[in-house]
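Asker: Below are the sequence and a predicted model; questions follow.
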2 protein chains.
Amino acid sequence: MRRPLPSVEEFVQGIRASDRVLLGQAITLVESGREDHQALAREVMAQLLRNAKPLSTLRIAVTGAPGVGKSTFIEALGMHLVGLGKRPAVLAIDPSSAVSGGSILGDKTRMERLSAAEQAFIRPSPAGDSLGGVARKTREAMVLVEAAGFDTVIIETVGVGQSEIAAQRMTDLFLLLLLPGAGDELQGIKRGIVEMADFLVVNKADGDRVKWANQARGHYLNATHLLPPKPSAWQPRVMVCSSLENTGIAELWTAIEAFQHETLTNGFLEENRRQQARFWLEDSIEAGLKTMFYKHPAVKAKLAELEAEVLAGRMSPTEAAERVVGIFGY
Amino acid sequence: MRRPLPSVEEFVQGIRASDRVLLGQAITLVESGREDHQALAREVMAQLLRNAKPLSTLRIAVTGAPGVGKSTFIEALGMHLVGLGKRPAVLAIDPSSAVSGGSILGDKTRMERLSAAEQAFIRPSPAGDSLGGVARKTREAMVLVEAAGFDTVIIETVGVGQSEIAAQRMTDLFLLLLLPGAGDELQGIKRGIVEMADFLVVNKADGDRVKWANQARGHYLNATHLLPPKPSAWQPRVMVCSSLENTGIAELWTAIEAFQHETLTNGFLEENRRQQARFWLEDSIEAGLKTMFYKHPAVKAKLAELEAEVLAGRMSPTEAAERVVGIFGY
């Protein structure tokens, strides 16, 4: 026998009381494709947002090439936050998980200590057939974990280009992890990603690699000095750390707090969040429009007919689109 | 006094007769944001498509990091095609041109010889405020130049991640230009881009750099052998050339012809074009839906009201989207 879903009230109260089971269920609801789940999720979100204090949280995107040690780094940073009495939550954006069938945070052996910490919350990446869909779900999950009292949300991305941009569009701070060794400075990371970073952190500065890490730091310092000023007025910081030996993590967090203070003071954090809400609204409208459109019975029939014309090369896609959109909405 | 625009018939006949002035005007029409221009452009496109022989053309995407010599390469390849009696057209995808104010093919000093060639056609990148818009215009411009008898369309992209993907989604063949020197093998190019390539061409194999170019070729040969087979069943080719000394260009073209022959024979070229028409239809529907939606008077009023709620943090973007989409289309 399947248990009925909790009610809106049960979800709202449970999440506010930081009930992990209900929080997890709510995120599952957000990720669900079922319409009744979506309707319930929207109602829960709407109620939670009414009492949200958004500027009391910090949203951090963490990215870097495969092998740079993202999980170990996030665990070290997360454990440092737990030690300070903070409550970190880790979410992931991984549009490729739908393809590979895996999920980047799904591996139970990763972030063992952080997973076990009472004050922390880790959620594997949602499955999704498009980056847009995955990003939408991650944004909603972020609202839920913040409502449950998690004050520092870390969004982990897998470096496949667009997911970094999606992550930047939903966070306050963009942190790029790098490998030691000035020689491989590019590491497959596009210049645009380096330009987006508020923090460039050379990880694995331990053992023989300390020297290379410091060299890399010098290189990136030069590179970031050449960049135009950011809208946040924040001068990107280049730091080194070892997630393994837990060095540099406390210094990094102090610098992140300075970022938070500066951008709260100069109004960037708030203005950026407003801009992000605007993007989110636009994305949601687009998704809603498409869903409504493709479900419309007259559209379905006409589209099948016009698509056949297009595929046979008898009609331009532009003309077919105009015709099928024309039967809708007037 | 402004001259009236040519009629649909004048456009169609002029383009079929390969009248460059009318072709240029038609592309301008496609790029125009004005609704009457768009309507005229759609009608012209519709008529031209009725007689199109799409599989008689080849569409090539050329990409590579800044400094790799894309223009010089395209000029060398284009002049080789002119020498063979073919008719190349060069278009560009450059979503950044709207920001920088420039256009990547706008510089008159670039591709001087090819610009002057009777059989070639070069069109600077359209301005656009989004990659989607720019890609749409480039696709339509491609249909126009093909209708004018240009048989080989080269789409030049500027390496900013998404534009390569947009270019791949509208072409038959993806060619990645690389610099000599195995040390800097990544050149800021994501692995995903390397995996997309049908041809990896190490440019600037001249003078002292021949040795490095051959080393780089060996490196990429190894890298491509590890890749899973492509849907086209084409094994990526790794070649070297010097656009400056015009070496390797003829060999490259012979290999490109082998690609064309193989993918025509195994049906990939046709199936790929059909899939691209499907994407194009979807993109056009999406654009059409959004245009219709945001123009709707009731939507405008409601949206302003709901956006204010969202920005004040009183309503979730998801809920606002649902409400505003709800007033449309029912």
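Answerer: Looks like it came in fine.
Asker: make it CA atoms for all contacts and neighbour counts henceforth
Answerer: Will do.
Asker: can you map out the strands along chain A?
Answerer: Per DSSP state E, chain A has strands spanning A:58-63, A:88-93, A:121-122, A:152-157, A:173-178, A:199-202, A:237-240. These are given in chain order.
Asker: Next, format those strands as a markdown table and append mean neighbour count, mean pLDDT and distance to A:A17.
Answerer: Formatted as a markdown table, the entries for those read as follows, by neighbours: other Cα atoms under 10 Å in any protein chain shown; pLDDT from 0 to 100; distance: least, Cα to Cα, whole Å:
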| stretch | mean neighbour count | mean pLDDT | distance to A:A17 |
| --- | --- | --- | --- |
| strand A:58-63 | 24 | 95 | 20 |
| strand A:88-93 | 26 | 90 | 16 |
| strand A:121-122 | 21 | 94 | 14 |
| strand A:152-157 | 26 | 93 | 17 |
| strand A:173-178 | 26 | 94 | 27 |
| strand A:199-202 | 26 | 96 | 33 |
| strand A:237-240 | 23 | 96 | 37 |
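Asker: would TSV of the ones you listed with distance to chain B be doable?
Answerer: Listed next are the strands of chain A as TSV, based on distance: least, Cα to the nearest Cα, whole Å:
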stretch	distance to chain B
strand A:58-63	14
strand A:88-93	17
strand A:121-122	23
strand A:152-157	15
strand A:173-178	14
strand A:199-202	17
strand A:237-240	20
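Asker: Tabulate those (a markdown table), appending distance to B:A135.
Answerer: Compiled in a markdown table, the strands of chain A are given as follows (distance: least, Cα to Cα, whole Å):
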| stretch | distance to B:A135 |
| --- | --- |
| strand A:58-63 | 28 |
| strand A:88-93 | 26 |
| strand A:121-122 | 38 |
| strand A:152-157 | 26 |
| strand A:173-178 | 28 |
| strand A:199-202 | 33 |
| strand A:237-240 | 36 |
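Asker: helices and strands of chain A: which one has the lowest mean pLDDT?
Answerer: Of the helices and strands making up chain A, the lowest-confidence element is helix A:97-100, at a mean of 38, by mean pLDDT, DSSP states H and E.
Asker: Show me the shaky parts of chain A.
Answerer: For chain A, applying pLDDT under 70 flags the ranges A:1-2, A:94-109, A:125-133, A:158-161, A:182-191, A:329-330.
Asker: Show me where chain A has its helices.
Answerer: Under the criterion DSSP state H, chain A carries helices at the ranges A:8-16, A:20-31, A:35-50, A:70-83, A:97-100, A:112-116, A:131-147, A:162-168, A:191-196, A:210-225, A:249-265, A:268-295, A:297-311, A:317-326.
Asker: OK, contacts around the closest residue in space to A:W280 that isn't next to it in sequence?
Answerer: When the adjacent residues along the chain are set aside, A:W280 lies closest to B:P317, with 6.0 Å between them (Cα to Cα, 6 or more residues apart in numbering or on different chains). Contacts for B:P317 were tallied using Cα atoms under 8 Å, 6 or more residues apart in numbering or on different chains; they are A:277-278, A:280-281, A:284, B:310.
Asker: distance of the nearest residue to A:G181 once chain neighbours are set aside from chain B?
Answerer: Distances taken as Cα to Cα, 6+ apart place A:W212 nearest to A:G181, at 4.6 Å, with adjacent residues excluded. As defined by Cα to the nearest Cα, to the nearest Å, A:W212 lies at a distance of 17 Å from chain B.
Asker: How about A:H225?
Answerer: The separation that A:H225 has from chain B, given Cα to the nearest Cα, amounts to 19 Å.
Asker: One more: A:A197?
Answerer: Summarising the geometry, the distance separating A:A197 from chain B, computed by Cα to the nearest Cα, is 16 Å.
Asker: List the residues that contact that residue.
Answerer: So A:A197 contacts A:173-176, A:236 (Cα under 8 Å, 6+ apart).
Asker: 7 Å instead?
Answerer: Contacts for A:A197 (Cα atoms under 7 Å, 6 or more residues apart in numbering or on different chains) come out as A:174-176, A:236.
Asker: what two of the residues you listed are the furthest from one another?
Answerer: Between all members of the contacts of A:A197, the longest pairwise span (Cα to Cα) is found for A:L176 and A:P236 and amounts to 10.6 Å.
Asker: quick one: common contacting residues for those two?
Answerer: When Cα under 7 Å, 6+ apart defines a contact, the residues bordering A:L176 and A:P236 alike are A:197, A:199.
Asker: Please produce JSON lines containing the helices of chain A, extended by distance to B:A92.
Answerer: Listed next are those as JSON lines, based on distance: least, Cα to Cα, whole Å:
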{"stretch": "helix A:8-16", "distance to B:A92": "51"}
{"stretch": "helix A:20-31", "distance to B:A92": "38"}
{"stretch": "helix A:35-50", "distance to B:A92": "41"}
{"stretch": "helix A:70-83", "distance to B:A92": "37"}
{"stretch": "helix A:97-100", "distance to B:A92": "31"}
{"stretch": "helix A:112-116", "distance to B:A92": "48"}
{"stretch": "helix A:131-147", "distance to B:A92": "26"}
{"stretch": "helix A:162-168", "distance to B:A92": "21"}
{"stretch": "helix A:191-196", "distance to B:A92": "20"}
{"stretch": "helix A:210-225", "distance to B:A92": "29"}
{"stretch": "helix A:249-265", "distance to B:A92": "39"}
{"stretch": "helix A:268-295", "distance to B:A92": "27"}
{"stretch": "helix A:297-311", "distance to B:A92": "25"}
{"stretch": "helix A:317-326", "distance to B:A92": "20"}
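Asker: So for A:V240, which of those sits nearest?
Answerer: Comparing these against A:V240 with Cα to Cα, the closest turns out to be helix A:210-225 (6.6 Å).
Asker: List of residues touching that closest one?
Answerer: Where contact means Cα under 7 Å, 6+ apart, the residues beyond helix A:210-225 that reach it are A:180-182, A:202, A:205, A:236, A:238-240.
Asker: Out of these, the closest to B:D151 would be?
Answerer: Distance to B:D151 across those (Cα to Cα) is lowest for A:A182, with 45.7 Å.
Asker: Quick one: residues contacting A:G149.
Answerer: A:S18.
Asker: Around A:V82, count how many other residues there are.
Answerer: Other residues within reach of A:V82 by the criterion other Cα atoms under 10 Å in any protein chain shown amount to 17.
Asker: oh sorry, the question was meant for A:G64
Answerer: A:G64 is surrounded by 25 other residues when neighbours are defined as other Cα under 10 Å.
Asker: go on, A:R110?
Answerer: As a burial measure, the neighbour count of A:R110 was computed by other Cα under 10 Å and equals 14.
Asker: OK, contacts around it?
Answerer: For A:R110, the contacting residues are A:S71, by Cα under 7 Å, 6+ apart.
Asker: Pull up the gap between it and chain B, please.
Answerer: Summarising the geometry, the distance separating A:R110 from chain B, computed by Cα to the nearest Cα, is 25 Å.
Asker: Could you check how far that residue is from A:T157?
Answerer: Relative to A:T157, A:R110 is positioned 15 Å away (Cα to Cα, to the nearest Å).
Asker: What is the most widely separated pair among the contacts of B:P317?
Answerer: Set against one another by Cα to Cα, the contacts of B:P317 have their most distant pair in A:S284 and B:V310, with a gap of 12.3 Å.
Asker: re the thing from before, format the contacts of B:P317 as a markdown table; extra columns: neighbour count and distance to A:M292.
Answerer: Formatted as a markdown table, the entries for the contacts of B:P317 read as follows, by neighbours: other Cα atoms under 10 Å in any protein chain shown; distance: Cα to Cα, whole Å:
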| residue | neighbour count | distance to A:M292 |
| --- | --- | --- |
| A:A277 | 22 | 22 |
| A:R278 | 17 | 21 |
| A:W280 | 23 | 18 |
| A:L281 | 24 | 16 |
| A:S284 | 22 | 12 |
| B:V310 | 21 | 22 |
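Asker: and A:K230, how many neighbours?
Answerer: In terms of burial, A:K230 registers 13 neighbours under the definition other Cα under 10 Å.
Asker: try A:I327
Answerer: Burial of A:I327, expressed as a neighbour count using other Cα under 10 Å, amounts to 11.
Asker: try A:Q38
Answerer: As a burial measure, the neighbour count of A:Q38 was computed by other Cα under 10 Å and equals 15.
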